[in-house]
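>>> I need the structure of the sequence given here:
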Amino acid sequence: MRRQCAVPILGALLAVAVGSCSDPQIPVGTVGHVQKYFGGVAADEPRAVLIGRDVLSAGGSAADAVIAMSMAMMVTRPDAAGPGGGGVCVFYSAQENKAEALEFMPHASRTPPEGGRWIGTVPGTFRGLFALSARYGVLRWEQLVLPAENMARFGIPLPRSLARSLISDGASLFSDPVARQRFFAADGKPLSEGAPFRQLDLAGILGRIRVAGPGDFHEGHYLRQYVQAVRDAGGWITINDIRKYRPVWNDTVKLSAGNHILHFAPSPALGGIVAAGIWRDIGNSSRFSGNDDAGQVMLAMQASRRAHQAALSRPVSGRGSVGALSMDQAGNAAACVLTMGAPFGTGKVLGETGIIAVAPASADTALSLAPLVMANDKVKSAYAAATGAGDRSVGTALATVLARLLDGGQNIDEALRQYRYAPQAQNGHILLEEDAPPALPARLAGQGRMVTRVPSIGRINLMYCPQGMRERPEECAVRTDPRGFGHAINAEF
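Numbers count the residues shown, from 1 in each chain. Presented below is the predicted three-dimensional model:
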């Protein structure tokens, strides 16, 4: 087995020097500590993935890696992750041989607003990620925050994914002068890919959170400043709303997949619930994978409509979410999806806090959240981790990818690359990606189905170990969705 030593993405990562790859005395917390296969990471933004890789190389757990990547995406993907937002995670602990779901969604004030005013939201991101670190982390909290803080302070070239989001969704920022100053050039156009991008106010927040922990945000320095900024923006929130916020640990929704267990996050991660409902209908058999193209679409549509029930009342929307996953050498797995509720939240920057305000989570938001872990409690090891994000049809996308991979025998690249489909309940149409076979719409029309062609459906990041992370790690594969601009890294042998 060839020993693995990663080159750090940031010189200040973990605030320690990197030793020689052949030095067996490299301590925990230093890139290169793990002198063998250390696992894999994937996320919807490449710089975050490089940071996650370094965390695993330094001896961090799967939880540490997704925390560091999530922090990084607050900097690189502020359209979908930020201090004002929240998210949902699923974590499998090989040592404890159990999976848990962690919910830290932003929610509205618990007190009635004055005179029908806009209701501000209580952020959940920092306390949620800190809860994951406290329960399953190995490295120090400050080590996981520092890379993101440095990117915000010293700046990065504007990522491609953020540049595309500014073009498609930046209209929400037009009315806010502070947001325009941050995301638009002097000529009034959105910043282009590669443009210098610094966020000093975010760096300040991350610096305090790194040193003092998330309690400084919920009970300390930023508490009154944030509450006042929400009110100045025309919203309503109270100090007690922020102080009393707590993330919630829940049991996962468990379904069998051969000899393994699929662990989905429960509500409010409705994307995962939809995926679980579809898998319950069509998974664990050849009924779906053994059908032809049109038959697969029809089976998936029927299962998807049952799983969505009344939730699918509007067309596809609900962007503003990003995913990150990791599996480590010990057999642990973590999958998290973060959200701002909508692209760039409400588009309002809250005064001098620099925080983008988020609207209370809607059904659209919840349907775009679908983290997943597959594990085997007999051998105490994770076998797969996945994140579904991007739009409200991601549950259908995740379930069909799993069916192709686990039941259909496709490899991970085929399962992710193949065209996707989803129901559109508003008009009864089937949403079908544009690269589907040209004859398929006519075949579906012959069965009484109308088809609406769309560029893409969902974004799925996936890591799959056919024999388990601990048993045969050399067979593990990790990929990011070819529809997005993410990245995936698998340690080499």
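>>> show me where the stretch 1-150 of the chain has helices.
Per DSSP state H, counting those that start in this stretch, the stretch 1-150 of the chain carries helices over the ranges 46-57, 62-76, 125-136, 141-154.
>>> just put these in TSV and tack on distance to residue 437.
No exception for glycine: its C-beta is placed from N, CA and C like everyone else's. Shown next, in TSV, are those (distance: least, Cβ to Cβ, whole Å):
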stretch	distance to residue 437
helix 46-57	31
helix 62-76	35
helix 125-136	41
helix 141-154	43
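>>> distance of the closest residue to residue 105 other than its chain neighbours from residue 269?
Beyond its immediate neighbours in the sequence, the residue positioned closest to residue 105 (Cβ to Cβ, 6 or more residues apart in numbering) is residue 86, lying 4.2 Å away. Computed with Cβ to Cβ, to the nearest Å, the distance linking residue 86 and residue 269 is 11 Å.
>>> go on, residue 143?
Residue 143 sits at a distance of 28 Å from residue 269 (criterion: Cβ to Cβ).
>>> which of these two has more neighbours?
residue 269 (32 against 22; other Cβ atoms under 10 Å).
>>> assess the claim that the more buried one and residue 372 are in contact.
No: between residue 269 and residue 372 there is no contact under Cβ atoms under 8 Å: 9.7 Å.
>>> beta partners of the closest residue to residue 253 other than its chain neighbours?
With Cβ to Cβ, 6+ apart as the criterion, residue 253 has its nearest non-adjacent residue at 4.2 Å, and that residue is residue 264. With DSSP bridges applied, the residues forming beta bridges to residue 264 are residue 253, residue 372.
>>> one step back: same list (the helices of the stretch 1-150 of the chain) but as JSON lines, adding mean pLDDT and distance to residue 366.
What follows is the helices of the stretch 1-150 of the chain, written out as JSON lines (pLDDT from 0 to 100; distance: least, Cβ to Cβ, whole Å):
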{"stretch": "helix 46-57", "mean pLDDT": "97", "distance to residue 366": "23"}
{"stretch": "helix 62-76", "mean pLDDT": "98", "distance to residue 366": "18"}
{"stretch": "helix 125-136", "mean pLDDT": "97", "distance to residue 366": "15"}
{"stretch": "helix 141-154", "mean pLDDT": "98", "distance to residue 366": "26"}
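>>> any stretches of the stretch 151-300 of the chain with poor pLDDT?
Segments of the stretch 151-300 of the chain classed as low confidence (criterion: pLDDT under 70) are not present in this model.
>>> try it again at 90.
Counting by pLDDT under 90, the ranges of the stretch 151-300 of the chain that qualify are 170-175, 214-225, 229-237, 267-274, 276-278, 280-282, 284-290, 292, 295, 298-300.
>>> tell me where it has helices.
Going by DSSP H, counting those that start in this stretch, the stretch 151-300 of the chain shows helices at 160-169, 177-183, 200-212, 215-218, 221-232, 239-243, 270-282, 286-289, 293-308.
>>> looking at the ones you listed, which is nearest to residue 342?
Among those, the nearest to residue 342 by Cβ to Cβ is helix 160-169 (8.1 Å).
>>> burial count for residue 348?
26.
>>> no, scratch that, I was asking about residue 160
A total of 15 residues lie near residue 160 under the criterion other Cβ under 10 Å.
>>> now do residue 206
For residue 206, the tally of surrounding residues (other Cβ under 10 Å) stands at 25.
>>> for it, which residues are in contact?
For residue 206, the residues meeting the contact criterion (Cβ atoms under 8 Å, 6 or more residues apart in numbering) are 71, 74, 145, 148, 149, 152.
>>> separation between the third one and residue 473?
Distance, residue 145 to residue 473, using Cβ to Cβ: 29 Å.
>>> between the two, who's got more neighbours?
Higher neighbour count among residue 145 and residue 473: residue 145, with 27 against 23, using other Cβ under 10 Å.
>>> how about the nearest residue to that one once chain neighbours are set aside, what does it touch?
The spatially closest residue to residue 145, leaving aside those adjacent along the chain, is residue 210, at 3.9 Å (Cβ to Cβ, 6+ apart). If you count contacts by Cβ under 8 Å, 6+ apart, residue 210 has them with 141, 142, 145, 146, 149.
>>> tell me which two of those residues sit farthest apart.
141 and 149 (12.1 Å).
>>> more crowded one of the two?
It is residue 149, of residue 141 and residue 149, that has more neighbours when counted by other Cβ under 10 Å, with 24 against 19.
>>> please tell me I have it right and the more buried one contacts residue 203.
Yes: with contacts counted by Cβ under 8 Å, residue 149 reaches residue 203, the gap being 5.5 Å.
>>> can you give me the pLDDT of residue 107?
At residue 107, the pLDDT value in this model is 87.
>>> correction: residue 4
Residue 4 is assigned a pLDDT of 39 by the prediction.
>>> surely residue 160 touches residue 486?
No: Residue 160 sits out of contact with residue 486 when judged by Cβ under 8 Å, with a separation of 10.4 Å.
>>> ok, the residue nearest to the spatial centre of the chain - contacts?
Centroid-nearest residue in the chain: residue 323, 1.7 Å away (criterion: Cα atoms, centre = their mean). Listed by Cβ under 8 Å, 6+ apart, the contact partners of residue 323 are 43, 44, 335, 336, 337, 338, 371, 387, 388, 389, 459, 461.
>>> phi, psi of it?
Note on residue 323: backbone dihedrals following degrees, to the nearest 10 are phi -120, psi 150.
>>> stretch 146-158: how far from the chain's middle?
If you compare the mean C-alpha spot of stretch 146-158 with that of the full chain, they lie 20 Å apart, counting by Cα atoms, centre = their mean, to the nearest Å.
>>> let me fix that, I meant to ask about stretch 120-140.
14 Å.
>>> so residue 400: helix, strand or coil?
Under DSSP: H, G, I helix; E, B strand; the rest coil, residue 400 falls in the helix class.
>>> quick one on the thing from earlier: separation between the residue nearest to the centre of the chain and residue 240?
The gap separating residue 323 from residue 240 is 32 Å, by Cβ to Cβ.
>>> now swap in residue 285 and tell me
For residue 285, the distance to residue 240 under the criterion Cβ to Cβ works out to 51 Å.
>>> please apply the same query to residue 167.
With distances defined as Cβ to Cβ, the gap from residue 167 to residue 240 amounts to 40 Å.
>>> same check, this time on residue 176
Going from residue 176 to residue 240 by Cβ to Cβ gives 27 Å.
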